[in-house]
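everything below, folded, please.
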Amino acid sequence: VQLQASGGGLVQAGGSLRLSCAATERTFATYRVGWFRQAPGKEREFVAAISWSGVVTHYADYVKGRFTISRDNARNTVYLQMNSLKPEDTAVYYCHADQVFQFRTYDYWGQGTLVTVSS
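As a prediction, this is how the structure comes out:
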């Protein structure tokens, strides 16, 4: 599965951005998908995740109430709507897809998209 993340950019504090993670393979719809981020000089950290069906979502405490993850399996795309952005949200955002099939884990990373929030 090849993942293409897009939608990053420069935004002022309090603004919004929507990130997209697109895949060409139809099997993407069977993967759990998550967003992670890595700020300069810091470890990569979890942001949000969504089940293959879209029914179950999970958020890190520091984005809860501000970010929303969703997916459109017909378009093989997962979105991350980011509202009320803060300077500390500045990071490269990566999407990740994984699934367990016949006791083997398959996982893939996208290339990342840069989000810069100015104060």
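
alpha carbons only for contacts and neighbour counts from here, please
Fine.

okay, now the closest residue to residue 109 other than its chain neighbours: neighbour count?
Excluding the flanking residues, the one nearest residue 109 by Cα to Cα, 6 or more residues apart in numbering is residue 96, at 4.6 Å. Residue 96 has 20 neighbouring residues, counting by other Cα atoms under 10 Å.

same deal with residue 45?
Residues lying near residue 45 (other Cα under 10 Å) number 14.

I'd assumed residue 60 was in contact with it.
No: contact criterion Cα atoms under 8 Å: residue 45 and residue 60 do not qualify, at 9.0 Å.

so where's the chain uncertain?
Counting by pLDDT under 70, the chain contains no low-confidence range.

just the helices in it please.
Shown for the chain, no helices are assigned by DSSP state H.

packing partners for the biggest strand by length in it?
Secondary structure of the chain per DSSP state E: the longest strand is strand 91-101. Other elements packing on strand 91-101 under the criterion 3 or more Cα pairs under 8 Å, 6 or more residues apart in numbering; DSSP states H and E are strand 3-6, strand 32-38, strand 104-109, strand 113-118.

and of these, who's closest to residue 86?
Ranking the helices and strands packed on strand 91-101 by their distance to residue 86 (criterion: Cα to Cα) puts strand 113-118 first, at 6.2 Å.

tell me the strands beside the closest one, with direction?
strand 9-12 (parallel), strand 91-101 (antiparallel) (DSSP bridges).

what does the longest one rub up against?
Meaning strand 91-101. For strand 91-101, the surrounding residues in contact (Cα atoms under 8 Å, 6 or more residues apart in numbering) are 3, 5, 21, 28, 30-40, 105-116.
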